[in-house]
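Engineer: for reference, the sequence and a predicted model appear below.
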Amino acid sequence: MDEQSENRKVDEGGSGERFAHWADGRLGPYSLIRAKARRAFPDHWSFLLGELCLYSFIVIVVTGIYLSLYFHPSMNEVQYNGSYLPLRGQTVSEAFNSTMHISFDVRGGLLIRQTHHWAALVFVGAMLVHMLRVFFTGAFRKPREFQWLFGFLLLVLGMFGGLTGYDLPDDLLSGTGLAVVNGTILSLPIVGTYLSMFLFGGEFPGGELVARFNTIHVLIIPAIMVGLLVAHLILLLHHKHTQYPGPGRTNRNVVGLPLKVRAVKSAGFFLLVTGAIFVIAALAQINPIWLYGPYRTDQVSAGSQPDWYMGVADGLLRVMPGWEIDFWGHTLALDNLIPLAVGVGLFLAMGAYPFIESWVTGDDREQHLLDRPRNRPVRTALGVAWISFYLVSLIGAANDIIATRFHVSVESVTWAVRVGLFVAPLAAYAVAKRCALGLQRRDRDMVLHGRETGVIKRLPNGEFVELHEPLRQEDLHLLTQHEQYPPIAPGSNGNAGDASADTGFARRLRVAFSRALYGEGAQIPKPTAQEYREITGEHPR
């Protein structure tokens with residue numbers, strides 16, 4: 001159909017069709033959609049983690065808009081005269097008073113408030129698990145480095161968004177957490193005092209904290225997160241979707257569902273996620289500020305526990321010995337500085353690893369097939385060690401609760417966590433690496449000798465052996481399709497890149513990293529075609 005015939009057909013249509021044609025001629029959205037609609041989207045359950053992040057974020061935004069209509073971000077003191085009788089007549093801040101009003105006097109306010117809080121927990125948890133899935137499968141490789149950075153920034157911003165939102169009600173629990181935050185800020189050399197005065201608007205707790213945190217929580221962080229999400233989705237559409245290895249799947253194609261089918265499934269998943277969060281919020285109480293009461297600088301909430309994603313920092317602070325040193329006339333509070341540096345370093349290591357691996361391998365090709373975690377034993381072991389350190393730190397954040405529940409001393413729990421922070425990651429690294437190598441060795445044996453059938457046969461000499469059946473070609477492809485990088489030798493030029501391009505310390509460091517990731521003991525050589533032919537007598541296809 002030529003352009004004149006198409007225009008004539010549009011003119012004969014309704015006003016909506018004419019407007020759509022007018023908009024498409026100037027903005028081109030439908031042309032773009034038609035171009036992308038032919039793409040396939042892999043249908044694996046792990047890809048739902050990214051959608052879970054997106055849909056929980058939508059719930060956060062919608063419920064946050066509702067709450068902002070009733071919340072008053074002010075620390076001015078008023079008298080509480082709401083429906084909750086035990087606090088009636090007490091002097092509270094406007095922030096606390098409005099939060100109590102939302103919880104007890106606004107229809108559905110408590111449900112929306114708890115939904116907002118639970119959605120934030122789900123978002124950060126889904127982001128962390130999604131990032132770990134990307135890490136273990138190598139989905140961060142070229143051309144998705146920026147997507148990894150955007151996801152990493154979304155995780156960090158989600159944590160800080162939760163922290164600032166958690167402190168808005170101005171209750172005793174949030175105030176206790178803010179006192180810890182203020183102590184950490186004050187421990188920073190030279191700039192700590194100025195940062196504290198700027199953040200709190202004077203001496204802690206100041207009079208501007210809630211207003212400033214509200215601006216950060218409602219405007220700044222969400223705006224940045226929306227921009228990162230949009231950029232992330234644009235890059236997702238621009239690049240081909242990653243997929244797990246399998247028959248017919250290569251770096252040049254994508255096997256999956258059409259866009260229309262995937263969109264319908266995603267819409268259903270969105271409704272399931274939203275409904276599940278609302279059900280949790282309706283059944284599980286969270287952050288009951290009326291039990292804590294308003295914040296008082298002379299009081300501390302017993303058994304104070306932050307949200308789980310900030311528990312790492314709190315745990316490191318709790319188990320750190322009270323070390324201080326004098327340096328050039330200044331007192332350095334190492335009991336705050338060291339946990340702060342370790343916590344920041346923990347997440348920076350996570351964000352920087354893909355670039356370190358890319359530098360070590362020197363692989364500049366586009367990678368659209370995901371790795372099986374067993375085929376990258378050192379990377380997998382490093383990720384498991386990272387998780388173990390995170391979990392031990394979380395245990396440290398609950399040392400007082402553990403001591404109370406199990407009737408042991410706080411000192412015993414603290415020392416156990418201190419030892420665990422060093423021992424657990426090393427043990428987890430060793431166990432995860434050995435498991436991955438064992439699975440690689442099992443794959444190698446299956447390729448060369450086939451699958452065990454469970455059928456026992458007696459040979460003429462009286463020996464009993466178990467019969468094996470050859471693997472299907474699809475299984476052989478799955479177990480042998482992965483690429484194994486050779487370690488860099490000083491001065492060599494191989495698949496891992498040209499080490500001679502580096503000089504001095506950088507060259508030695510790159511060689512050391514390469515040997516650690518891909519050297520002897522870091523991977524089991526996969527079977528070659530000659531080995532397969534010698535044992536089975538067949539030619540691999």
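Structural biologist: Nice, I can see it. Numbers count the residues shown, from 1 in each chain.
Engineer: find the least confident helix or strand in this protein, judged by mean pLDDT.
Structural biologist: Among the helical and strand segments of the chain, the one scoring lowest on mean pLDDT, DSSP states H and E is strand 493-494, with a mean of 46.
Engineer: and the longest helix for the chain?
Structural biologist: helix 410-449 (DSSP state H).
Engineer: for the closest residue to residue 375 other than its chain neighbours, helix, strand, or coil?
Structural biologist: Closest residue to residue 375 apart from its sequence neighbours, by C-beta to C-beta, 6 or more residues apart in numbering: residue 482 at 4.5 Å. Heads up, the C-betas are built off the backbone N, CA and C, glycines and all. Assigned with DSSP: H, G, I helix; E, B strand; the rest coil, residue 482 falls in the coil class.
Engineer: count of neighbours near residue 482?
Structural biologist: Residue 482: 19 surrounding residues under other C-beta atoms under 10 Å.
Engineer: kindly report the same for residue 159.
Structural biologist: For residue 159, the count of nearby residues is 21 (other C-beta under 10 Å).
Engineer: residue boundaries of the strands in the protein?
Structural biologist: 40-41, 77-79, 91-93, 257-258, 324-327, 330-333, 451-458, 464-469, 493-494, 497-498 (DSSP state E).
Engineer: now do the same contact list for the residue positioned nearest the centre of the chain.
Structural biologist: With distances taken as C-alpha atoms, centre = their mean, residue 128 lies nearest the centre of the chain, 2.0 Å away. Applying C-beta atoms under 8 Å, 6 or more residues apart in numbering to residue 128 gives the contacts 155, 309.
Engineer: what's the pLDDT at it?
Structural biologist: Turning to residue 128, the model gives it a pLDDT of 95.
Engineer: please apply the same query to the one 3 residues further on.
Structural biologist: Residue-level confidence at residue 131 comes out at 95, pLDDT.
Engineer: same deal with the one 4 residues further on?
Structural biologist: Residue-level confidence at residue 135 comes out at 96, pLDDT.
Engineer: how about the nearest residue to it, chain neighbours excluded?
Structural biologist: Here the residue nearest residue 135, using C-beta to C-beta, 6+ apart, is residue 383, at 5.4 Å.
Engineer: give me the distance between the one you found and residue 357.
Structural biologist: Residue 383 is 12 Å from residue 357, where distance means C-beta to C-beta, to the nearest Å.
Engineer: check residue 325 too.
Structural biologist: From residue 325 across to residue 357, the span is 37 Å (C-beta to C-beta).
Engineer: tell me which of these two has more neighbours.
Structural biologist: Taking other C-beta under 10 Å, residue 325 and residue 357 do not tie; residue 357 has more neighbours (20 against 10).
Engineer: residue 127 is in contact with residue 151, correct?
Structural biologist: Yes: the criterion here is C-beta atoms under 8 Å, and residue 151 meets it with residue 127 at 7.1 Å.
Engineer: report the contact partners of residue 147.
Structural biologist: Per C-beta under 8 Å, 6+ apart, neighbours of residue 147: 140, 232, 235, 236, 239.
Engineer: find the nearest non-adjacent residue to the third one, please.
Structural biologist: Across the structure, with C-beta to C-beta, 6+ apart as the measure, the residue nearest residue 235 apart from its sequence neighbours is residue 147 (5.1 Å).
Engineer: what's the answer for the second one, then?
Structural biologist: By the measure of C-beta to C-beta, 6+ apart, the closest residue to residue 232 outside its immediate chain neighbours is residue 150, 4.5 Å from it.
Engineer: for the one you found, the count of nearby residues, please.
Structural biologist: Counted by other C-beta under 10 Å, the residues lying close to residue 150 total 21.
Engineer: retrieve the pLDDT associated with it.
Structural biologist: 94.
Engineer: show me what contacts it?
Structural biologist: Residue 150 makes contacts with 228, 229, 231, 232, 235, as judged by C-beta under 8 Å, 6+ apart.
Engineer: any of these buried? List them.
Structural biologist: 228, 229, 232 (16 or more other C-beta atoms under 10 Å).
Engineer: what is the nearest of those residues to residue 281?
Structural biologist: For these, the residue nearest residue 281 by C-beta to C-beta is residue 229; the value is 22.9 Å.
Engineer: just list the residues touching that closest one, thanks.
Structural biologist: 54, 57, 150, 154.
Engineer: ok, now residue 369?
Structural biologist: Counting by C-beta under 8 Å, 6+ apart, residue 369 has contacts 242, 243, 244, 245, 249, 250, 251, 481.
Engineer: again, but for residue 508
Structural biologist: By C-beta under 8 Å, 6+ apart, the contact list for residue 508 reads residue 490.
Engineer: where does this structure dip in pLDDT?
Structural biologist: Within the chain, the stretches falling below the threshold (pLDDT under 70) are 1-38, 301-302, 491-503, 537-541.
Engineer: tell me the contacts of residue 343?
Structural biologist: By C-beta under 8 Å, 6+ apart, residue 343 lies in contact with 312, 313, 316.
Engineer: how about the first one: what's its closest non-neighbour residue?
Structural biologist: It stands for residue 312. Residue 312's closest residue in space is residue 393 (C-beta to C-beta, 6+ apart), at 4.3 Å.
Engineer: I'd say the one you found and residue 424 touch.
Structural biologist: No: taking C-beta under 8 Å as the definition, residue 393 is not a contact partner of residue 424, at 10.0 Å.
Engineer: which one's more surrounded, those two?
Structural biologist: Neighbours per residue (other C-beta under 10 Å) separate residue 393 from residue 424, with residue 393 holding more: 26 against 19.
Engineer: look up how far residue 236 lies from that one.
Structural biologist: When distance is defined by C-beta to C-beta, residue 393 is 32 Å away from residue 236.
Engineer: next: residue 481.
Structural biologist: With C-beta to C-beta as the criterion, residue 481 and residue 236 are 24 Å apart.
Engineer: list of residues touching stretch 219-227?
Structural biologist: Outside stretch 219-227, the residues that touch it by C-beta under 8 Å, 6+ apart are 57, 61, 64, 153, 154, 157, 158, 160, 161, 164.
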